[in-house]
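Asks: coordinates only, sequence not included:
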């Protein structure tokens, strides 16, 4: 599981100019245009999300003035300002903080829209371009979308990591030791497989509050089962090979053999399964988000955004279609990439 | 509480009645009766164990969760709350409550004639002796009554959806495999890919937007007549048709390349006969394997559909009951879902074992 096992050049170069498994896989992957397209789309989406998150308007940007604005609307951005309270300007707004019909208030608004930055009360007001419009609370949809995309992806990665750690250790132990221990461990997996886990995840989220950590743990706990099965079958295939015998004859301990000799050799299926698990985790997270059980506002995720959008889709269709398109594109590209990797690494799709 | 012994026999009879296995399977696999029966019994025991785990886990999980069914009612004095708790046995030790609940929900009789009342309402208490206890939120209503009212709705949603999923999925998949690398194949593969990436909670609102709000063909929500069922069933069915297309196509392609298909063709069998008599049985194996998880997903996926289309089914009841800490309703819905899902899984395993000699012999 060390870095050098993943990196083909460091292992292959010093010895001879052979072609490693990873190099072959890369050559095959390079020919698969669909997979490359998936990888490129995914990378582009992630970069846009990071960019929007770093340089865009903060998602918490409450902006009462242009709720449910159309894409391309120029709005007003409000951020807290630490400097002393300005009583003179605050009188130009009404109690809700909204511009009134009074001439000076309207003049202030016009100045703002021209690109001026004005301090009102304890807040700083400035011009704000809403590329995708705003949601019902006036929050910039693009900023929320970028933030939500990162959260969805983060949940996908974190929960997959949880599944990876549990699944790999469990499957490796069961596969390596075999015998009664293996039979028992796999029977446990079989029984857990038949549990309706979606229901359990929902119950967990409803009953114990909606912490982000709990979300990772709950989803990870669902997804590790398949990983354990895959790893076990791979370990069983590898453990009788000669290089393992060689390692044993050199007197290496079991832990060393499992983690240094077996696991690097079954990385292919693991990587393929990871790329296919991330989208399925994201789907589950969005499913929970849609039920109102995912991350809680002001943080958003794509599922939450889709839910919010579907509530107002009749009047403001783009609020549904934008997050839905981003979400579907992400899942699409990851699936293409995963399928491509599977073909490239020549992994059989067997699960047991 | 009744004594635990006197009702044990009917429970055993209930289990035994489950053991009836399709006769056709016995005839076809006459050499493999012994392993098949053993396989079935071990799977049944596994299912029962899993059910036990589910009920126990849900029971203690819901009890150890913060909040309670009566925390929202602020107007009650401590005395009244104590009275309510005593009425529902909530003041007794948790272990006692658990034992009582486990005994109450256990199927203790088996009277199929009483399972459905004259109005077609499911009566689990009279038919199977399963008592799911009272509901805390719906005063004067038992969980049995709520289930009897909501379950048919969920089934009416699930079964047509499954039909749509299988019908569209298998047809498209078979055609795609037969006409490989034609536009039909590409269309089917695209459909499979799109269905994988676009979840029901995206398709649902978009369908509502297009077919209900723009074209006015259907109502946007509700569950009154047959007309209202089209959109929800279609959305749910299409979502699961997509993976079935992929699986059918893959399975059929694999089978169609095998020698026995070439032999059948060489012997002059018509293409229809080759497909239906020879290829389909092997080609559908992956689909059958998928059916277990798929039906589970259709059942749980219906939470979303029930929310989008405002359908008064069991899924919505489950989510709201968890929010309300309505302990017995949570348990009742979970048990019901678990039984449904696991029975289907069991049937799928058996069908798979029956269809595939390799699986049959392994176990």
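Replies: Received, thanks. Not measured: the values here are computed from a predicted model. Numbers count the residues shown, from 1 in each chain, chains lettered A, B, ... in the order given.

Asks: residue contacts, residue A:215?
Replies: A:155, A:159, A:205, A:285, A:288, A:294-295 (CB atoms under 8 Å, 6 or more residues apart in numbering or on different chains). The way it works is simple: take the backbone N, C-alpha and C, and place the C-beta from them, glycine included.

Asks: Got the phi and psi for whatever residue of the stretch 1-150 of chain B ends up closest to chain A?
Replies: Of all residues in the stretch 1-150 of chain B, residue B:65 sits closest to chain A, at 3.5 Å by CB to the nearest CB. The phi/psi pair for residue B:65 (degrees, to the nearest 10) reads phi -70, psi 150.

Asks: cool, and residue B:309?
Replies: Dihedral angles for residue B:309 - degrees, to the nearest 10 - are phi -100, psi 10.

Asks: State the number of residues packed around the nearest residue to residue A:289 once chain neighbours are set aside.
Replies: Once flanking residues are discounted, residue A:289 sits nearest to residue A:303: 2.6 Å by CB to CB, 6 or more residues apart in numbering or on different chains. Other residues within reach of residue A:303, judged by other CB atoms under 10 Å in any protein chain shown, total 31.

Asks: Could you measure from residue A:303 over to residue B:199?
Replies: 9 Å (CB to CB, to the nearest Å).

Asks: Over to residue B:240?
Replies: 11 Å.

Asks: ok, now residue B:261?
Replies: 36 Å.

Asks: Ok, residue B:211 next?
Replies: For residue B:211 relative to residue B:199 (CB to CB), the value is 18 Å.

Asks: Which residue of those two possesses the greater neighbour count?
Replies: residue B:199 (24 against 17).

Asks: where does the stretch 1-150 of chain A dip in pLDDT?
Replies: A:1-21, A:56-70, A:72-79, A:86-88, A:90-91, A:94-98, A:115, A:138 (pLDDT under 70).

Asks: Just the closest residue of it to chain B, please.
Replies: residue A:34 (9.6 Å).

Asks: What residues does that residue make contact with?
Replies: By CB under 8 Å, 6+ apart, the neighbours of residue A:34 are A:336, A:339-340.

Asks: try it again with 6 Å
Replies: residue A:336 (CB atoms under 6 Å, 6 or more residues apart in numbering or on different chains).

Asks: Give me the secondary structure label for it.
Replies: helix (DSSP: H, G, I helix; E, B strand; the rest coil).

Asks: Now do the helices in the stretch 51-200 of chain A.
Replies: A:87-90, A:103-113, A:141-177, A:179-193, A:197-207 (DSSP state H, counting those that start in this stretch).

Asks: out of those helices, nearest to residue B:193?
Replies: Closest to residue B:193 of the helices of the stretch 51-200 of chain A, according to CB to CB: helix A:141-177, at 18.8 Å.

Asks: circling back: who's in contact with the helix or strand hosting the residue nearest to residue A:289?
Replies: Per DSSP states H and E: residue A:303 is located in helix A:302-311. Contacts to helix A:302-311, defined as CB under 6 Å, 6+ apart, come from residues A:148, A:152, A:286, A:289-290, A:294, A:319-320, A:323-324, A:327, B:205.

Asks: Would you mind listing the buried residues in that helix?
Replies: A:302-310 (16 or more other CB atoms under 10 Å in any protein chain shown).

Asks: still on that earlier bit, next, work out how far apart the residue of the stretch 1-150 of chain B closest to chain A and residue A:205 are.
Replies: In terms of CB to CB, residue B:65 sits 11 Å off from residue A:205.

Asks: ditto for residue B:52
Replies: For residue B:52, the distance to residue A:205 - CB to CB - is 24 Å.

Asks: Between those two, which has more neighbouring residues?
Replies: residue A:205 (21 against 11).

Asks: Quick check, the residue in the stretch 251-363 of chain B closest to chain A?
Replies: residue B:322 (3.8 Å).

Asks: which non-adjacent residue is nearest that residue?
Replies: Per CB to CB, 6+ apart, closest to residue B:322 is residue A:206, 3.8 Å.

Asks: thinking again about what came up before, does chain B have contacts with the helix or strand following the helix holding residue A:303?
Replies: Next along the chain after helix A:302-311, taking DSSP H and E as the criterion, comes helix A:318-345. Yes: using CB under 6 Å from any CB of the partner chain, helix A:318-345 reaches chain B at A:320, A:324, A:328, A:331-332.

Asks: quick one, strands of the stretch 1-150 of chain A?
Replies: Taking DSSP state E, counting those that start in this stretch as the test, the strands found in the stretch 1-150 of chain A are A:73-80, A:118-120, A:123-130.

Asks: Can you name every helix or strand that the last one contacts?
Replies: The elements that strand A:123-130 packs onto, with contact taken as 3 or more CB pairs under 6 Å, 6 or more residues apart in numbering or on different chains; DSSP states H and E, are strand A:73-80.
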